[in-house]
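Engineer: Show me how the following folds:
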Amino acid sequence: MKNQIIKGSSFPDPIVDVKIKFTSEMVNEYIPVWNRVCENENKGIAFLALIMAHKEGFKKGSRSYRFNNPGNIGNTDSGKNKALKSLEDGIKLQLDYIKRVASGNHKAFPLNKLVRIKPFYSEEIANNPKTYANKSPWVPGYEFIYTGQLQQFVKIYSTGARSGNGYLSLIISYFDNMGIKINSETTIQEIIKMK
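Structural biologist: Presented below is the predicted three-dimensional model:
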């Protein structure tokens, strides 16, 4: 719906259990490097980086793959891309990004402050109907006090996450598969400390 603003950070669709099947690029390229880079990291932050790389579409031909940027960090709906020298650099960027968000040192994630996300028309969604499961390119806006909740984090991080609970459901399902119970209100600060 054009110009819709949701008060709070909950999208009205249910959060569902999602079956997860990694691409061969995730299994053969991302995970071996991720294992090495995340060797001394807590499971929570490592798992979050991995499942986000999966959701961001790390496979041949995708932006995240072509630019060694598995989190699509700095890649925008307008087509701007942030290229990294290696996949290892891309995973390190993911971990650094998540840590900066959790510590309150990222301007897009201002702890305990009002966040206003404007509604807009997304060319990215309009031009990629398969990737976005035929979602409307009219993305709702949000207004909430950012406290670090997972549902808030994904709304700021991902345009597609603003018009459904697919991203949120995927993260929660993956953690559940790994034996860690989280929900939409679990904070990024709590997640990165999980061992």
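Engineer: So what touches the worst-scoring helix or strand of the chain on mean pLDDT?
Structural biologist: Counting by mean pLDDT, DSSP states H and E, the chain has its least confident helix or strand at helix 123-127, which shows a mean of 82. When contacts are defined by C-beta atoms under 8 Å, 6 or more residues apart in numbering, helix 123-127 is touched by residues 77-78, 132, 135-137, 139, 159-160, 163. Every residue, glycine included, has its C-beta placed from N, CA and C.
Engineer: try 6 Å this time
Structural biologist: When contacts are taken as C-beta atoms under 6 Å, 6 or more residues apart in numbering, the neighbours of helix 123-127 outside the stretch itself are 77, 132, 135, 137.
Engineer: Next secondary structure after it?
Structural biologist: Next helix or strand after helix 123-127 toward the C-terminus (DSSP states H and E): strand 138-139.
Engineer: any idea which helix or strand comes after that next one?
Structural biologist: Counting by DSSP H and E, the next helix or strand C-terminal to strand 138-139 is strand 141-146.
Engineer: what packs against that following strand?
Structural biologist: Using 3 or more C-beta pairs under 6 Å, 6 or more residues apart in numbering; DSSP states H and E as the contact definition, the elements that strand 141-146 packs against are strand 5-7, strand 113-117.
Engineer: which residues are in contact with whichever helix or strand comes after it?
Structural biologist: Sequence order places helix 150-157 as the next helix or strand after strand 141-146, per DSSP H and E. With C-beta under 6 Å, 6+ apart as the contact definition, helix 150-157 has outside contacts at 9, 108, 142, 146, 161-162, 167-168, 184, 186, 188.
Engineer: Are any of those residues buried, and if so which?
Structural biologist: If you count burial by 16 or more other C-beta atoms under 10 Å, the buried members of those come out as 9, 142, 146, 161-162, 167-168, 184, 186, 188.
Engineer: So P12 versus R162, what's the distance?
Structural biologist: Separation of P12 from R162 (C-beta to C-beta, to the nearest Å) stands at 12 Å.
Engineer: Show me where the chain dips below the pLDDT cut-off.
Structural biologist: Applying pLDDT under 70 to the chain picks out residues 1, 78.
Engineer: Go ahead and confirm V16 touches S169.
Structural biologist: Yes: using C-beta atoms under 6 Å, V16 makes contact with S169 at a distance of 5.1 Å.
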